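Asker: here you go, sequence then predicted model.
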Amino acid sequence: MGLPKGWKRLRLTARNAALRTLLLTDGGQPVQAALDAVLATTGAGRDDESLSARDRHLCAELVYGCLRAEIRLDYVLGQVLPRPGDLPRPLRHVLALGVYGLLLQEKVPDHAVLHEAVEQARALYGQGLARLTNAALRAVQRLGDAPRGEDFYAQGAADALAGLAVFCAAPEWLARLWAQAYGEADAARLLRRSCARPWSGLRVNARHVRAAALLAALRALPGATAVGAWGAALGPGKLPEAVLERPLAAWQAEGALSFQAAGSQVALAALGAADLAGPVWDMCAGYGGKSAALLEQGAAVGLCTDNSSARLRSLPGLCRRLGLDAPPVCLADAARPPLARWRGDMLLDVPCSGLGVLARRPDIRRRGPERLTTLTALQERLLRSAATLLEPGRRLVYITCTLNPAENDQAVARLLGACPGLRLEQTWQTPHDHPWLEGMFGAVLRRG
Ligand SMILES: C[S@@+](CC[C@H](N)C(=O)[O-])C[C@H]1O[C@@H](n2cnc3c(N)ncnc32)[C@H](O)[C@@H]1O
């Protein structure tokens, strides 16, 4: 999306960088890619045009926070403005950033939030809309604590679930899908979890000489939780700068440490993926996060394929950093694989709706339910093609990061119905009442 003409009048601040990032996400760019693109132009070394490390962090918090709360912020704006949807999109982001600052951002004084929002509106659109911004945000201030509580969002909602969906900034269709699939109590738990700030997941490279010491040090951090065999998770804001007197970035650069979502690590451990019989074929290897974890933990990954060359391209470099022998990589559509047989086990970490990772990927909630049917059909094709290649005695591990039965247990059931030679050995999913672990699903199938 093009930027309004007045954009150049804005100073480089965390909030202005956040505004620019949010605009990029409107054009369909994934949130982290948009943030990386904006921060790449605001790095240190550009004298008057640089953001401090603290401001870069604040910018990320604002972007992720606003996207995570978008539906809720829009609702609040709808209570103080007659037709916020008619305003230009950049101004709506200015207002949303302002409401986020007033209601959900700790430690930032209201007057600073108001001042910067009004400055943004003035620079982009002039005095008239700056006045409107000031009036709208002051009206939000006058609502007091009400918008911080759930009851505020029940006004005008069809029922309690619809009100909770707005409070948790989830689309109503998703709340209904979860209520129908898992019951209202679980749907409520999942909605609350989906809008909380995510935990950071760290994975220690089991092959690194200091792996044991590093793992022990990470797990000994205040509030740290062990995940899987080689991981630790830390709550929001708890990531330290350094461990064992070295910056985390240095451990990462020398291949001792990777960032990997705790849910992925727990899923791999629960499904026994490190014990898969080689050569393992990772059919949707992407950037190689799961393959790298398996290689570190001793699995013989023999082939990585994906239909995205941009993703696959980073896999050899990732292996190099971690000191692993990179498996062969090949650009391939897993629904029409380039091989007729595969003698080892297979990993199918499919493209999915991502409804289990909304806290970490908040832009996913902007996508509508219509894509669920397309994704389910794609997963069915991928499962069938993998099952066709599976040799007797070999296992196929199926993984999603979603909370949607059609993509999870029902997808597995459909495959079992269509392929009588397959046996279901295990299914696993993140417990719905887990307060922070992402929603993952996995199944292990074996050809008899
Ligand atoms: C959940 S991601 C995989 C993440 C990866 N396993 C990791 O841990 O980093 C799903 C991947 O499937 C890939 N994909 C989508 N459609 C595909 C297809 N038809 N054949 C192969 N890969 C596909 C996407 O490019 C994406 O990288």
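Answerer: Okay, I see it.

Asker: mind splitting this structure into its structural domains?
Answerer: Here the domain parsing of the chain from the TED database is 7-148, 151-195, 200-259, 262-447.

Asker: roughly how far is the first one from the heart of the chain?
Answerer: The chain centroid and the centroid of domain 7-148 are separated by 21 Å under C-alpha atoms, centre = their mean, to the nearest Å.

Asker: do the same with the last one
Answerer: Here domain 262-447 is found 16 Å from its chain centre; the criterion is C-alpha atoms, centre = their mean.

Asker: can that domain be found next to the ligand?
Answerer: Yes. Applying C-beta under 6 Å from any ligand atom, one finds domain 262-447 touching the ligand at 284-290, 306-308, 311, 333-335, 349, 351. C-beta here means a position set from N, CA and C on the backbone, and glycine is covered the same way.

Asker: span of that domain from start to end?
Answerer: Domain 262-447 has an end-to-end distance of 30 Å (criterion: C-alpha to C-alpha, to the nearest Å).

Asker: from residue 373, how far out is residue 153?
Answerer: 29 Å (C-beta to C-beta, to the nearest Å).

Asker: just the strands in the stretch 201-350 of the chain please.
Answerer: 225-227, 231-234, 242-243, 246-247, 257-259, 280-282, 301-306, 329-331, 346-349 (DSSP state E, counting those that start in this stretch).

Asker: for residue 425, which of those strands is the nearest?
Answerer: Judged by C-beta to C-beta, the one of the strands of the stretch 201-350 of the chain that comes nearest to residue 425 is strand 346-349, at 13.6 Å.

Asker: what ranges of this structure fall below the confidence cut-off?
Answerer: 1-3, 43-49 (pLDDT under 70).

Asker: top helix in this protein by residue count?
Answerer: Longest helix of the chain, by residue count under DSSP state H: helix 371-389.

Asker: what comes up buried for that helix?
Answerer: 372, 375-376, 378-380, 382-383, 385-387, 389 (16 or more other C-beta atoms under 10 Å).

Asker: list the contacts of the residue lying closest to residue 395 once chain neighbours are set aside.
Answerer: Take residue 395 and drop its neighbours on the chain: the residue closest to it by C-beta to C-beta, 6 or more residues apart in numbering is residue 345, 4.5 Å away. With contacts defined as C-beta atoms under 8 Å, 6 or more residues apart in numbering, the neighbours of residue 345 are 276-278, 280-281, 394-397.

Asker: ok, so of those residues, who is nearest residue 185?
Answerer: residue 397 (30.2 Å).

Asker: who are the packing partners of the helix or strand hosting the closest one?
Answerer: Remark: residue 397 resides in strand 395-400, with elements defined by DSSP states H and E. Here strand 395-400 touches strand 346-349, helix 371-389, strand 441-447, going by 3 or more C-beta pairs under 8 Å, 6 or more residues apart in numbering; DSSP states H and E.

Asker: what lines up beside the shortest one in the sheet?
Answerer: Pointing back at strand 346-349 there. strand 280-282 (parallel), strand 395-400 (parallel) (DSSP bridges).

Asker: redo these as TSV? Include mean neighbour count and distance to residue 145.
Answerer: TSV is the format used below for the strands paired with strand 346-349 (neighbours: other C-beta atoms under 10 Å; distance: least, C-beta to C-beta, whole Å):
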stretch	mean neighbour count	distance to residue 145
strand 280-282	29	49
strand 395-400	25	39
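
Asker: got JSON lines for the ones you listed, with distance to residue 325 too?
Answerer: Formatted as JSON lines, the strands paired with strand 346-349 follow (distance: least, C-beta to C-beta, whole Å):
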{"stretch": "strand 280-282", "distance to residue 325": "13"}
{"stretch": "strand 395-400", "distance to residue 325": "21"}
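
Asker: of those strands, which approaches residue 157 most closely?
Answerer: strand 395-400 (30.0 Å).

Asker: buried only: go through the residues of domain 262-447 next to the ligand for me.
Answerer: 284-290, 306-307, 311, 334-335, 349, 351.

Asker: determine which two of these are furthest apart.
Answerer: 289 and 335 (21.6 Å).

Asker: tell me how far residue 282 lies from residue 315.
Answerer: Look at residue 282 and residue 315: by C-beta to C-beta, they are 9 Å apart.

Asker: tell me, what's touching those two both at once?
Answerer: The contact lists of residue 282 and residue 315 share 288, 291, 304, where a contact means C-beta under 8 Å, 6+ apart.

Asker: so who does the first one touch?
Answerer: Taking C-beta under 8 Å, 6+ apart as the criterion, residue 288 is in contact with 282, 304, 312, 314-315, 318-319.

Asker: quick check: the residue of the stretch 101-250 of the chain nearest the ligand.
Answerer: Nearest to the ligand in the stretch 101-250 of the chain, going by C-beta to the nearest ligand atom, is residue 203, at a distance of 11.3 Å.

Asker: beta partners for that residue?
Answerer: residue 231, residue 258.

Asker: surely it meets residue 233?
Answerer: No. The criterion here is C-beta atoms under 8 Å, and residue 203 misses it with residue 233 at 10.1 Å.

Asker: more crowded one of those two?
Answerer: residue 203 (28 against 25; other C-beta atoms under 10 Å).

Asker: gap between that one and residue 97?
Answerer: 33 Å.

Asker: which stretches of the stretch 1-150 of the chain form helices?
Answerer: For the stretch 1-150 of the chain, the helices defined by DSSP state H, counting those that start in this stretch cover 14-26, 31-40, 53-68, 70-80, 89-103, 110-125, 127-142.

Asker: can you redo those as a markdown table with distance to residue 209 and mean neighbour count?
Answerer: Listed next are those as a markdown table, based on distance: least, C-beta to C-beta, whole Å; neighbours: other C-beta atoms under 10 Å:
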| stretch | distance to residue 209 | mean neighbour count |
| --- | --- | --- |
| helix 14-26 | 39 | 23 |
| helix 31-40 | 31 | 17 |
| helix 53-68 | 29 | 20 |
| helix 70-80 | 45 | 21 |
| helix 89-103 | 44 | 23 |
| helix 110-125 | 47 | 20 |
| helix 127-142 | 54 | 16 |
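
Asker: let me have these in JSON lines, extended by distance to the ligand.
Answerer: Below are these laid out as JSON lines (distance: least, C-beta to the nearest ligand atom, whole Å):
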{"stretch": "helix 14-26", "distance to the ligand": "19"}
{"stretch": "helix 31-40", "distance to the ligand": "13"}
{"stretch": "helix 53-68", "distance to the ligand": "20"}
{"stretch": "helix 70-80", "distance to the ligand": "23"}
{"stretch": "helix 89-103", "distance to the ligand": "29"}
{"stretch": "helix 110-125", "distance to the ligand": "36"}
{"stretch": "helix 127-142", "distance to the ligand": "38"}
